[in-house]
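A.B. asks: Sharing a model that was predicted from the sequence below.
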Amino acid sequence: MLSSADLMFIGHHFATTFYMTTALLQGAGHQSAMILMFLGEMTSPLMNTHAVLKFAVKIHPESTLIHNALVYSEYIYAVVYLPMRVVLGPLAAAHLTYDLLLTKEGRQNCSVFITLLWMPMCWGVLFGSIPWITEAWEMVQDGLTLKYGPDYDYGEEYIHHHTDL
């Protein structure tokens, strides 16, 4: 069964693939696609590091190295993620919206039909990231106090089962 987060992940990648494919087919929009992807994916290494460490600390709760790495990765990820999604992403999307819908050159370079398909996807990804923005804001407010420590309960689907081989 897919969770709502899984569906958002799939929808996000569908929208990205559609955006890139239509930009390629019409020969315009590739720069906007690259800018949006850069701003969205710039924090992926930090997010992935945080995701790995928050589960590693559950498997090895006695590890000081993992715990300390998680403390700093959580904070650094949140501090970098927030300006990307709250400031730079919306500024890029607003500029793109203005350029493609309200300028003659934008309407000549990119089909209005495609633009009207792109804009909900572009803004939808930004609004869809509100739960992660909220989480990152809480992490920044917590400072170097872990949100996802060794005792955090992720629910049944994340239980690590040890087996004897």
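C.D. replies: Noted; the coordinates are in hand.

A.B. asks: For the rest of this, base every contact and every neighbour count on C-alpha atoms.
C.D. replies: Will do.

A.B. asks: Give me the neighbour count for residue 153.
C.D. replies: 11 (other Cα atoms under 10 Å).

A.B. asks: secondary structure element for it?
C.D. replies: Per DSSP states H and E: residue 153 is located in neither a helix nor a strand.

A.B. asks: And it, how far from residue 84?
C.D. replies: 28 Å (Cα to Cα, to the nearest Å).

A.B. asks: Please give the element, helix or strand, for the most centrally placed residue in the chain.
C.D. replies: Nearest to the mean C-alpha position of the chain, counting by Cα atoms, centre = their mean, stands residue 40 at 5.7 Å. Here residue 40 sits within helix 30-41, counting by DSSP H and E.

A.B. asks: pLDDT on that helix, on average?
C.D. replies: For helix 30-41, mean pLDDT is 86.

A.B. asks: Which is the succeeding secondary structure element to it?
C.D. replies: Helix 30-41 is succeeded, C-terminally, by helix 44-59 (DSSP H and E).

A.B. asks: and the angle from that following helix to helix 30-41?
C.D. replies: 20 degrees (axes from the mean of the first three to the mean of the last three Cα atoms, to 10 degrees).
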